[in-house]
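**Student:** Here is my input; please provide its structure:
(one chain, ligands or ions: 1)
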Amino acid sequence: MTEKHTAYIETLAHMNCGNCDSYWGLSDLSTETLEGRVLYCPHCGHEASVEDIVDGIESDQ
Ligand SMILES: [Zn+2]
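**Tutor:** Sure, this is the predicted structure:
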């Protein structure tokens, strides 16, 4: 066996709704394309622009 694994680096955004506080994920995005962008929350339909882009994943514990 000489086949090696292939890795693709993907940027994943963990979105947090400003209205219902639910999470959802967005992939294939960069900070530049996300900042100020208007998105709908898939849980409650709340429409808002992206304000805070937080570095790293915060623990909920
Ligand atoms: Zn929501």
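
**Student:** Going by neighbour count, which residues of stretch 26-35 are buried?
**Tutor:** Applying a neighbour-count criterion of 16 or more other C-beta atoms under 10 Å, one finds Leu34 buried in stretch 26-35. (Glycine included, C-beta is placed from N, CA and C.)

**Student:** Can you give me every residue that contacts Arg37?
**Tutor:** Applying C-beta atoms under 8 Å, 6 or more residues apart in numbering, we find Arg37 in contact with Ser49, Val50.

**Student:** Any figure for the gap between it and Ala13?
**Tutor:** Here Arg37 is placed at a distance of 10 Å from Ala13 (C-beta to C-beta, to the nearest Å).

**Student:** so where is the chain shaky, pLDDT-wise?
**Tutor:** 56-61 (pLDDT under 70).

**Student:** Enumerate the residues of it near the ion.
**Tutor:** Within the chain, the residues that sit near the ion (C-beta under 5 Å from the ion) are Cys17, Asn19, Cys20, Cys41, His43, Cys44, His46.

**Student:** Narrow those residues to those that are buried.
**Tutor:** Here, 16+ other C-beta under 10 Å leaves Cys17, Cys41 buried among the residues of the chain next to the ion.

**Student:** Give the residues shared as contacts by Arg37 and Ala13.
**Tutor:** Shared contacts of Arg37 and Ala13 (C-beta under 8 Å, 6+ apart): none.

**Student:** Centre-most residue in the chain?
**Tutor:** In the chain, the C-alpha nearest the mean C-alpha coordinate belongs to Ala13, at 1.8 Å (C-alpha atoms, centre = their mean).

**Student:** Kindly provide the distance from it to the ion.
**Tutor:** As defined by C-beta to the ion, to the nearest Å, Ala13 lies at a distance of 15 Å from the ion.

**Student:** Check for me that that residue belongs to a strand.
**Tutor:** Yes: counting by DSSP: H, G, I helix; E, B strand; the rest coil, Ala13 is found in a strand.
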